[in-house]
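Trainee: next come a sequence and a model predicted from it.
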Amino acid sequence: MLKNYLSRLYNTIVSRGNLEVEVLIFDDQNKRASIEGRLRFYDESLLVFDEVILVSDKQIVKLRYAYHYQKVDAQLIFRYDNAPHHPTIPTYPHHKHRGVKVEAALAPDLSEVLNEIEQNIYNNNKQA
């Protein structure tokens with residue numbers, strides 16, 4: 001199960017032609033794994049992400065995650081994470097930062113994050 005999850009994440013990343021993989025580290029430790037990555041997009045924006053996952057009761061559980069997407073000048077576009085520092089959010093500890101705003105959000109899959117980034121890039125290029 002864990003190997004399938006990691007393989008799907010790897011394929012999700014390398015199947016996209018609009019990004020450069022700067023860093024991609026998979027550390028598989030039987031029923032627990034960590035993934036770290038830095039993905040650079042053609043507009044020079046950057047996604048830095050990490051996940052720590054565990055197999056529990058035949059389910060993948062994200063113990064920790066962060067998907068930090070920023071412009072080339074390091075300005076935050078959005079970040080999903082589950083750091084427990086916004087207890088008033090209904091989806092606590094899961095949340096999303098959009099600029100200075102913090103909003104409720106469930107833990108996304110990496111493919112959803114990449115789709116959101118691609119939409120962001122496409123919509124910005126359409127407006128330019």
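Mentor: Arrived safely, thanks for sending.
Trainee: what helices or strands is the lengthiest helix in the chain leaning on?
Mentor: When the chain is parsed with DSSP state H, its longest helix is helix 110-127. Where contact means 3 or more Cβ pairs under 8 Å, 6 or more residues apart in numbering; DSSP states H and E, helix 110-127 is packed against helix 2-14, strand 46-56, strand 59-70, strand 76-81. The C-beta positions use only the backbone N, C-alpha and C, and glycine is treated the same way.
Trainee: so what pLDDT did the residue nearest to Ile117 when sequence neighbours are not counted get?
Mentor: Spatial nearest neighbour of Ile117, excluding adjacent residues (Cβ to Cβ, 6 or more residues apart in numbering): Tyr69 at 5.7 Å. Listed pLDDT for Tyr69 reads 97.
Trainee: sorry, back to before: mind listing what's buried in the longest helix of the chain?
Mentor: Leu110, Val113, Leu114, Glu116, Ile117, Asn120, Ile121 (16 or more other Cβ atoms under 10 Å).
Trainee: ok, stretch 47-65 next?
Mentor: So stretch 47-65, judged by 16+ other Cβ under 10 Å, has buried residues Leu47, Val48, Phe49, Glu51, Ile53, Ile60, Tyr65.
Trainee: so the last one makes contact with Pro93?
Mentor: Read that as Tyr65. No - taking contacts as Cβ atoms under 8 Å, Tyr65 lies outside contact range of Pro93: 10.4 Å.
Trainee: who touches both of the two?
Mentor: Asn82 (Cβ atoms under 8 Å, 6 or more residues apart in numbering).
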